[in-house]
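Trainee: Build me a model from this:
(4 chains)
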2 protein chains.
Amino acid sequence: MARRGETIELAVLGLLHEGPMHGYELRKRLNLMLGWGRVLSYGSLYPTLKKMLRAGLIEESAPTRTPVSRRPRITYQVTPAGTLEFERLMSEVGPTAWEDDNFDIRFAFFSSTDMEIRLRVLEGRRTRLQERLERVQGQLSMTQKEVDRYAAELQRHGVESVEREVKWLSDLINAERGVAHPGPHERTTGEQHDDLPEDQHEDQHVPPAASPEVPATTARLAGPAAGES
Amino acid sequence: MARRGETIELAVLGLLHEGPMHGYELRKRLNLMLGWGRVLSYGSLYPTLKKMLRAGLIEESAPTRTPVSRRPRITYQVTPAGTLEFERLMSEVGPTAWEDDNFDIRFAFFSSTDMEIRLRVLEGRRTRLQERLERVQGQLSMTQKEVDRYAAELQRHGVESVEREVKWLSDLINAERGVAHPGPHERTTGEQHDDLPEDQHEDQHVPPAASPEVPATTARLAGPAAGES
DNA sequence: GGCTGCATGTAAGTCGTTACATGATTTA
DNA sequence: TAAATCATGTAACGACTTACATGCAGCC
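Mentor: Okay, here's the model as predicted:
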């Protein structure tokens, strides 16, 4: 149960919550969303859509009357059952949630869960990465002798990347907790001050600007936990 | 031809060039080598070994007389044909060489090729990553409106990671070219000066120390292109 | 009148993992 | 003597990808 492959399902459900979409568009959005490496193929997406249709998680919506009648395309939307399933998947806090392949898509839809879940997933992933680091560094110190220059450089770069990822997660965790920064200033919550008078037309998503001492990620995602539906 | 799956084959051939090994050990070394995410399973390794044995790329070596007779374990070593195949694979400069899954293992054995190949692979990979960046950033600027905070942060982090990777590759390319640094000093090749009188017992691998202005990667891998067999 | 982009699908194949099965050897 | 680690394998399955097949629509 729930090994992988629910990844696509989750992604589809999440994307369809932003409005009805057809397969082709879904694929484009998906590739953009987690396009780092993998590019989802039609041979993978369409069967999944069929499966989800049969399972009653999604349904065909009225044949979207775009101005001119384009080629008949099948537009899908989520059913109540689909919404339920989405929420169930997003509430998972076990290892599946922070596995390499699952984490990204989960994170992308983080706005749909509450802070508690988010924290657990973020911390779970961080712990996982730290375990990896320790394991590799442990073995590294043992065999450190006869390593090739390039192999060593690859190793070093790998460690550095994971360390950076851990840092990123830590910043996110702090941001979730509302910890602006651990500095002396004691800024508990983000009150927006009106320098940087950027456009504030409809900013559901744009977090309030923060002072420059605050770590970048915190500055971007902090604020009074807005974003819940 | 040569899609993937030659990845394991290449890795095995490369590792066995450091001396005979049995499956179990091979797996450990492999997991350590490219253990960032994937952990190679036995169900994958052993059949590959059998296949390579049948293909004549490797052969069982004399049952390694370790002091006490352990459980009978099959130790493999490369055949001349295997060496040839290894060299052929390492000489590939096409896309297969810089694909996500292949690049790492290729890089780990870079010492076995000459600079020309290394440069082509490094540049190929860099170009590939830059294409990805451009594509994503292009699409990003188009749809930049209605993006969720978390989705946006994921995007940002992804871009940053890839940019960092590109930087890493650029440093490596410069190091290959013998470019110490683009500064005013005009240090063409690395002559080692005798401050830092560390142990120099058998340093096939340890590059000479360089001045602190030199980018880290360059400092680590530069030097008079030693390492070829 | 052909090419490119939109749009949907299917069949076959690849690559690898999980889970299972087995057994020796060292260590607590 | 039980557990962990070493060591080798196989069968079944999973999750994709590739390659193929089809067809409309707009542009040059």
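
Trainee: pLDDT averaged over the helix or strand encompassing residue A:84 - what is it?
Mentor: According to DSSP states H and E, residue A:84 maps onto helix A:80-91. For helix A:80-91, mean pLDDT is 96.

Trainee: Which strands or helices does that helix pack on?
Mentor: When contacts are defined as 3 or more C-beta pairs under 8 Å, 6 or more residues apart in numbering or on different chains; DSSP states H and E, helix A:80-91 sits against helix A:6-16. Bear in mind the C-beta positions are built from the backbone N, C-alpha and C, glycine included.

Trainee: The helix holding residue A:84 near DNA strand D at all?
Mentor: No. Counting by C-beta under 7 Å from any atom of the strand, DNA strand D has no neighbours in helix A:80-91; the shortest distance is 13.2 Å.

Trainee: what comes up buried for that helix?
Mentor: For helix A:80-91, burial by neighbour count (16 or more other C-beta atoms under 10 Å in any protein chain shown) applies to A:82, A:85-86, A:89-90.

Trainee: between the residues you listed, which is nearest DNA strand D?
Mentor: Using C-beta to the nearest atom of the strand, the shortest approach to DNA strand D within the buried residues of helix A:80-91 belongs to residue A:89, at 13.2 Å.

Trainee: For residue A:47, the count of nearby residues, please.
Mentor: Close neighbours of residue A:47, defined as other C-beta atoms under 10 Å in any protein chain shown, add up to 11.

Trainee: Could you check the pLDDT of it?
Mentor: 96.

Trainee: Same question for residue A:207.
Mentor: Note on residue A:207: pLDDT of 40.

Trainee: could you pull out the strands for chain A?
Mentor: Taking DSSP state E as the test, the strands found in chain A are A:21-22, A:58-60, A:75-78.

Trainee: right, quick check: the shortest one against DNA strand D, any contact?
Mentor: No. With C-beta under 7 Å from any atom of the strand as the criterion, DNA strand D is not reached by strand A:21-22; the gap is at least 12.0 Å.

Trainee: tell me the average confidence for that strand?
Mentor: Strand A:21-22 carries an average pLDDT of 94.

Trainee: contacts for that strand?
Mentor: A:15, A:29, A:64, A:73-76 (C-beta atoms under 8 Å, 6 or more residues apart in numbering or on different chains).

Trainee: Show me which of these is closest to residue B:164.
Mentor: Residue B:164 has its nearest neighbour among the contacts of strand A:21-22 in residue A:29, at 25.2 Å by C-beta to C-beta.

Trainee: what sits against that closest one?
Mentor: Neighbouring residues of residue A:29 by C-beta under 8 Å, 6+ apart: A:15, A:21.

Trainee: Any stretches of chain A with poor pLDDT?
Mentor: Scanning chain A for pLDDT under 70 picks out A:1-5, A:35, A:37, A:63-71, A:142-146, A:179-219, A:222-229.

Trainee: Show me the domain layout of chain A.
Mentor: A:6-65+A:72-110, A:123-182+A:209-229 (automatic domain parsing).

Trainee: which of the buried residues of helix A:80-91 lies closest to chain B?
Mentor: residue A:90 (11.8 Å; C-beta to the nearest C-beta).

Trainee: what about the closest residue to that closest one other than its chain neighbours, how many neighbours?
Mentor: Counting by C-beta to C-beta, 6 or more residues apart in numbering or on different chains, residue A:90 lies nearest to residue A:113, which is 5.0 Å off, once chain neighbours are set aside. Residues within reach of residue A:113, counting by other C-beta under 10 Å, total 20.

Trainee: how about the helices in chain A?
Mentor: A:6-16, A:23-33, A:42-54, A:80-91, A:95-98, A:100-108, A:115-143, A:149-176, A:216-221 (DSSP state H).

Trainee: For the shortest one, which helices and strands make contact with it?
Mentor: Judged by 3+ C-beta pairs under 8 Å, 6+ apart, the packing partners of helix A:95-98 are helix A:100-108, helix A:115-143.

Trainee: Tell me which of these approaches DNA strand C most closely.
Mentor: Across the helices and strands packed on helix A:95-98, closest to DNA strand C is helix A:100-108 (C-beta to the nearest atom of the strand), at 11.1 Å.

Trainee: just the angle between the closest one and helix B:149-176, please?
Mentor: Angle of helix A:100-108 versus helix B:149-176, following axes from the mean of the first three to the mean of the last three C-alpha atoms, to 10 degrees, is 130 degrees.

Trainee: Most neighbours among the contacts of strand A:21-22, please name it.
Mentor: Neighbour tally across these (other C-beta under 10 Å): the maximum, 22 neighbours, falls on residue A:76.

Trainee: Report the beta-bridge partners for it.
Mentor: Residue A:76 forms beta bridges with residue A:21, residue A:60, as assigned by DSSP bridges.

Trainee: so what's it up against?
Mentor: Neighbour list for residue A:76: A:12, A:16, A:20-23, A:26, A:49, A:53, A:58-61 [criterion: C-beta under 8 Å, 6+ apart].

Trainee: same for DNA strand C: which of those residues are within range?
Mentor: Checked against DNA strand C using C-beta under 7 Å from any atom of the strand, those yield the following neighbours: A:22-23, A:49.

Trainee: Same list, the residues you listed, but as CSV with neighbour count please.
Mentor: Shown next, in CSV, are these (neighbours: other C-beta atoms under 10 Å in any protein chain shown):
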residue, neighbour count
A:22, 16
A:23, 18
A:49, 20
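
Trainee: Between those, which sits nearest residue B:157?
Mentor: residue A:23 (27.6 Å).

Trainee: Quick check: buried residues in stretch A:19-34?
Mentor: Under the neighbour-count criterion of 16+ other C-beta under 10 Å, stretch A:19-34 has A:20-23, A:26-27, A:29-34 buried.

Trainee: whoops, I mixed them up, stretch A:120-129
Mentor: With burial defined by 16+ other C-beta under 10 Å, the residues of stretch A:120-129 counted as buried are A:120-126, A:128-129.

Trainee: between these, which is closest to residue A:174?
Mentor: Nearest to residue A:174 among the buried residues of stretch A:120-129, with distances taken as C-beta to C-beta, is residue A:122, at 10.0 Å.

Trainee: what sits against that closest one?
Mentor: With C-beta under 8 Å, 6+ apart, residue A:122 has these contacts: A:169, A:172-173, A:176.

Trainee: ok, and which of those residues reach chain B?
Mentor: residue A:172 (C-beta under 8 Å from any C-beta of the partner chain).

Trainee: Would you format the contacts of residue A:122 as a markdown table with distance to residue A:159 and neighbour count included?
Mentor: Shown next, in a markdown table, are the contacts of residue A:122 (distance: C-beta to C-beta, whole Å; neighbours: other C-beta atoms under 10 Å in any protein chain shown):
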| residue | distance to residue A:159 | neighbour count |
| --- | --- | --- |
| A:169 | 16 | 24 |
| A:172 | 20 | 27 |
| A:173 | 21 | 18 |
| A:176 | 26 | 19 |
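
Trainee: Torsion angles phi and psi at residue A:73?
Mentor: Backbone torsions for residue A:73, taken as degrees, to the nearest 10, come to phi -120, psi 150.

Trainee: is it true that it touches residue A:20?
Mentor: No. With contacts counted by C-beta atoms under 8 Å, residue A:73 stays clear of residue A:20, the gap being 10.9 Å.
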